[in-house]
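Peer 1: no sequence for this one, just the structure:
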(Lines give C-alpha, C1' and ligand atoms only; values in the text may rest on other atoms or scores of the structure.)
Protein backbone atom coordinates (compact mmCIF):
# COMPACT_ATOMS: atom_id res chain seq x y z
CA UNK A 1 0.00 0.00 0.00
CA UNK A 2 1.41 3.38 -1.01
CA UNK A 3 0.42 6.32 1.12
CA UNK A 4 1.52 9.22 -0.98
CA UNK A 5 -0.13 12.48 -1.90
CA UNK A 6 0.65 14.99 -4.63
CA UNK A 7 -1.15 18.30 -5.05
CA UNK A 8 -0.58 21.16 -7.46
CA UNK A 9 -2.28 24.46 -6.72
CA UNK A 10 -2.02 27.41 -9.11
CA UNK A 11 -3.65 30.80 -8.66
CA UNK A 12 -2.84 34.33 -9.83
CA UNK A 13 -0.89 34.71 -6.58
CA UNK A 14 1.01 31.43 -6.24
CA UNK A 15 2.09 28.21 -7.88
CA UNK A 16 2.49 25.34 -5.39
CA UNK A 17 3.50 21.69 -5.68
CA UNK A 18 3.47 19.45 -2.60
CA UNK A 19 4.39 15.77 -2.45
CA UNK A 20 4.23 13.73 0.75
CA UNK A 21 4.92 10.10 1.61
CA UNK A 22 3.53 9.17 5.03
CA UNK A 23 5.78 6.11 5.22
CA UNK A 24 9.01 7.90 4.44
CA UNK A 25 12.19 8.50 6.42
CA UNK A 26 12.02 12.27 6.88
CA UNK A 27 13.68 13.31 3.63
CA UNK A 28 12.71 16.94 3.04
CA UNK A 29 13.17 19.29 0.08
CA UNK A 30 11.34 22.55 0.70
CA UNK A 31 11.51 25.91 -1.04
CA UNK A 32 8.81 28.55 -0.53
CA UNK A 33 10.95 31.68 -0.47
CA UNK A 34 10.00 32.25 3.18
CA UNK A 35 13.00 31.09 5.19
CA UNK A 36 11.40 30.57 8.58
CA UNK A 37 8.39 28.77 7.07
CA UNK A 38 10.78 26.48 5.17
CA UNK A 39 12.46 25.75 8.51
CA UNK A 40 9.07 24.82 10.05
CA UNK A 41 8.13 22.55 7.12
CA UNK A 42 11.52 20.89 7.51
CA UNK A 43 10.62 20.19 11.15
CA UNK A 44 7.28 18.72 10.06
CA UNK A 45 8.85 16.30 7.59
CA UNK A 46 11.82 15.25 9.68
CA UNK A 47 10.02 14.72 12.97
CA UNK A 48 6.98 13.16 11.30
CA UNK A 49 9.24 10.87 9.24
CA UNK A 50 7.33 12.07 6.18
CA UNK A 51 9.17 12.43 2.90
CA UNK A 52 8.14 15.93 1.92
CA UNK A 53 8.76 18.01 -1.17
CA UNK A 54 7.36 21.54 -1.38
CA UNK A 55 7.98 24.01 -4.21
CA UNK A 56 6.18 27.33 -4.07
CA UNK A 57 6.49 30.40 -6.26
CA UNK A 58 4.51 33.24 -4.72
CA UNK A 59 3.93 36.96 -4.86
CA UNK A 60 6.53 37.72 -2.21
CA UNK A 61 6.86 41.26 -3.58
CA UNK A 62 3.52 41.88 -1.80
CA UNK A 63 4.21 39.87 1.35
CA UNK A 64 4.43 36.23 2.44
CA UNK A 65 0.74 35.71 3.29
CA UNK A 66 -0.45 34.17 0.01
CA UNK A 67 2.66 31.98 -0.26
CA UNK A 68 2.28 30.57 3.24
CA UNK A 69 -1.51 30.18 3.02
CA UNK A 70 -1.58 28.42 -0.36
CA UNK A 71 1.29 26.13 0.59
CA UNK A 72 -0.53 25.16 3.79
CA UNK A 73 -3.74 24.45 1.87
CA UNK A 74 -1.87 22.26 -0.62
CA UNK A 75 -0.06 20.47 2.20
CA UNK A 76 -3.34 19.67 3.93
CA UNK A 77 -4.85 18.38 0.69
CA UNK A 78 -1.79 16.19 -0.02
CA UNK A 79 -1.87 14.79 3.52
CA UNK A 80 -5.55 13.91 3.15
CA UNK A 81 -4.90 12.29 -0.23
CA UNK A 82 -2.05 10.23 1.22
CA UNK A 83 -4.30 8.90 4.01
CA UNK A 84 -6.62 7.33 1.44
CA UNK A 85 -9.63 5.64 3.07
CA UNK A 86 -7.77 5.60 6.43
CA UNK A 87 -8.17 1.85 6.77
CA UNK A 88 -5.99 0.51 9.58
CA UNK A 89 -4.73 3.85 10.93
CA UNK A 90 -4.39 4.64 14.62
CA UNK A 91 -6.52 7.80 14.09
CA UNK A 92 -5.99 9.60 17.44
CA UNK A 93 -2.64 10.77 18.81
CA UNK A 94 -0.99 13.39 20.92
CA UNK A 95 2.53 14.65 21.47
CA UNK A 96 4.19 17.07 23.86
CA UNK A 97 7.44 18.64 22.72
CA UNK A 98 9.60 21.06 24.70
CA UNK A 99 12.03 23.48 23.12
CA UNK A 100 14.08 25.00 25.92
CA UNK A 101 11.64 27.22 27.88
CA UNK A 102 8.64 26.55 25.57
CA UNK A 103 6.28 23.58 25.49
CA UNK A 104 3.77 22.55 22.83
CA UNK A 105 1.01 20.01 23.37
CA UNK A 106 -0.73 18.74 20.23
CA UNK A 107 -3.65 16.34 19.95
CA UNK A 108 -5.06 15.21 16.61
CA UNK A 109 -8.03 13.18 15.37
CA UNK A 110 -7.92 12.19 11.69
CA UNK A 111 -11.69 12.40 11.80
CA UNK A 112 -12.67 13.78 8.40
CA UNK A 113 -14.02 16.86 10.21
CA UNK A 114 -11.94 20.05 10.22
CA UNK A 115 -11.66 21.80 13.57
CA UNK A 116 -8.86 23.82 15.15
CA UNK A 117 -8.27 24.89 18.74
CA UNK A 118 -5.07 26.94 19.06
CA UNK A 119 -3.61 28.72 22.07
CA UNK A 120 -0.18 30.22 22.55
CA UNK A 121 1.28 32.89 24.85
CA UNK A 122 -0.20 36.32 24.14
CA UNK A 123 3.15 38.04 24.62
CA UNK A 124 4.76 36.33 21.60
CA UNK A 125 6.91 38.71 19.55
CA UNK A 126 5.11 39.81 16.36
CA UNK A 127 7.97 38.94 14.00
CA UNK A 128 10.67 36.28 13.62
CA UNK A 129 12.87 37.84 10.98
CA UNK A 130 10.39 38.50 8.17
CA UNK A 131 7.91 35.87 9.47
CA UNK A 132 4.69 37.29 10.94
CA UNK A 133 3.96 35.12 13.97
CA UNK A 134 0.18 35.55 13.51
CA UNK A 135 0.60 33.29 10.45
CA UNK A 136 1.17 30.24 12.67
CA UNK A 137 -2.52 29.97 13.51
CA UNK A 138 -3.42 30.64 9.87
CA UNK A 139 -1.06 27.86 8.70
CA UNK A 140 -2.83 25.44 11.04
CA UNK A 141 -6.30 26.69 9.98
CA UNK A 142 -5.43 26.22 6.31
CA UNK A 143 -3.91 22.76 6.86
CA UNK A 144 -6.90 21.60 8.94
CA UNK A 145 -9.42 22.87 6.37
CA UNK A 146 -7.93 20.71 3.62
CA UNK A 147 -6.64 17.74 5.66
CA UNK A 148 -10.04 17.54 7.37
CA UNK A 149 -8.65 16.75 10.79
CA UNK A 150 -9.48 17.95 14.29
CA UNK A 151 -6.40 19.58 15.75
CA UNK A 152 -5.78 21.00 19.22
CA UNK A 153 -2.53 22.92 19.71
CA UNK A 154 -1.71 24.36 23.11
CA UNK A 155 1.44 26.23 24.15
CA UNK A 156 0.97 26.87 27.88
CA UNK A 157 4.21 28.82 28.24
CA UNK A 158 7.24 30.12 26.42
CA UNK A 159 9.23 33.33 26.01
CA UNK A 160 11.19 33.08 22.78
CA UNK A 161 9.00 33.44 19.68
CA UNK A 162 11.19 31.11 17.59
CA UNK A 163 10.92 28.41 20.24
CA UNK A 164 7.16 28.92 20.70
CA UNK A 165 6.47 28.41 17.00
CA UNK A 166 9.03 25.66 16.37
CA UNK A 167 7.88 23.42 19.21
CA UNK A 168 4.35 23.57 17.73
CA UNK A 169 5.56 22.21 14.40
CA UNK A 170 7.64 19.49 16.05
CA UNK A 171 4.73 18.38 18.21
CA UNK A 172 2.38 18.53 15.22
CA UNK A 173 4.79 16.34 13.25
CA UNK A 174 4.88 13.71 16.00
CA UNK A 175 1.13 13.71 16.56
CA UNK A 176 0.40 13.37 12.82
CA UNK A 177 2.99 10.61 12.54
CA UNK A 178 1.51 8.59 15.40
CA UNK A 179 -2.11 9.11 14.28
CA UNK A 180 -1.43 8.14 10.66
CA UNK A 181 0.60 5.03 11.48
CA UNK A 182 -0.90 1.65 10.65
CA UNK A 183 -2.12 -0.26 13.70
CA UNK A 184 -1.50 -3.99 13.08
CA UNK A 185 -4.59 -4.85 15.15
CA UNK A 186 -6.86 -2.49 13.24
CA UNK A 187 -8.16 -4.22 10.13
CA UNK A 188 -10.88 -1.74 9.18
CA UNK A 189 -11.79 1.91 9.46
CA UNK A 190 -11.32 3.09 13.09
CA UNK A 191 -14.85 4.45 13.45
CA UNK A 192 -18.24 3.05 14.46
CA UNK A 193 -19.58 4.86 11.35
CA UNK A 194 -17.43 2.71 9.08
CA UNK A 195 -16.02 5.80 7.36
CA UNK A 196 -13.79 8.75 8.22
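Peer 2: Happy to help now that I have it. The structure presented is a predicted model; accordingly, all values stated were derived computationally and were not measured. Numbers count the residues shown, from 1 in each chain.
Peer 1: Could you pull out the strands in this structure for me?
Peer 2: 4-10, 14-21, 28-31, 51-58, 92-99, 102-109, 115-119, 127-128, 131-132, 150-157 (DSSP state E).
Peer 1: and the fourth one, what's its mean pLDDT?
Peer 2: For strand 51-58, the mean per-residue pLDDT is 98.
Peer 1: Partner strands of it, with direction?
Peer 2: Here strand 51-58 is paired, per DSSP bridges, with strand 14-21 (antiparallel), strand 28-31 (parallel).
Peer 1: Can you redo the strands of the chain as JSON lines, where the extra columns are mean neighbour count and distance to residue 74?
Peer 2: Quick note: C-beta positions are derived from backbone N, CA and C, even for glycine. Putting the strands of the chain into JSON lines (neighbours: other CB atoms under 10 Å; distance: least, CB to CB, whole Å) gives the following:
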{"stretch": "strand 4-10", "mean neighbour count": "17", "distance to residue 74": "4"}
{"stretch": "strand 14-21", "mean neighbour count": "21", "distance to residue 74": "4"}
{"stretch": "strand 28-31", "mean neighbour count": "16", "distance to residue 74": "12"}
{"stretch": "strand 51-58", "mean neighbour count": "20", "distance to residue 74": "8"}
{"stretch": "strand 92-99", "mean neighbour count": "17", "distance to residue 74": "23"}
{"stretch": "strand 102-109", "mean neighbour count": "22", "distance to residue 74": "19"}
{"stretch": "strand 115-119", "mean neighbour count": "14", "distance to residue 74": "18"}
{"stretch": "strand 127-128", "mean neighbour count": "17", "distance to residue 74": "23"}
{"stretch": "strand 131-132", "mean neighbour count": "18", "distance to residue 74": "19"}
{"stretch": "strand 150-157", "mean neighbour count": "18", "distance to residue 74": "17"}
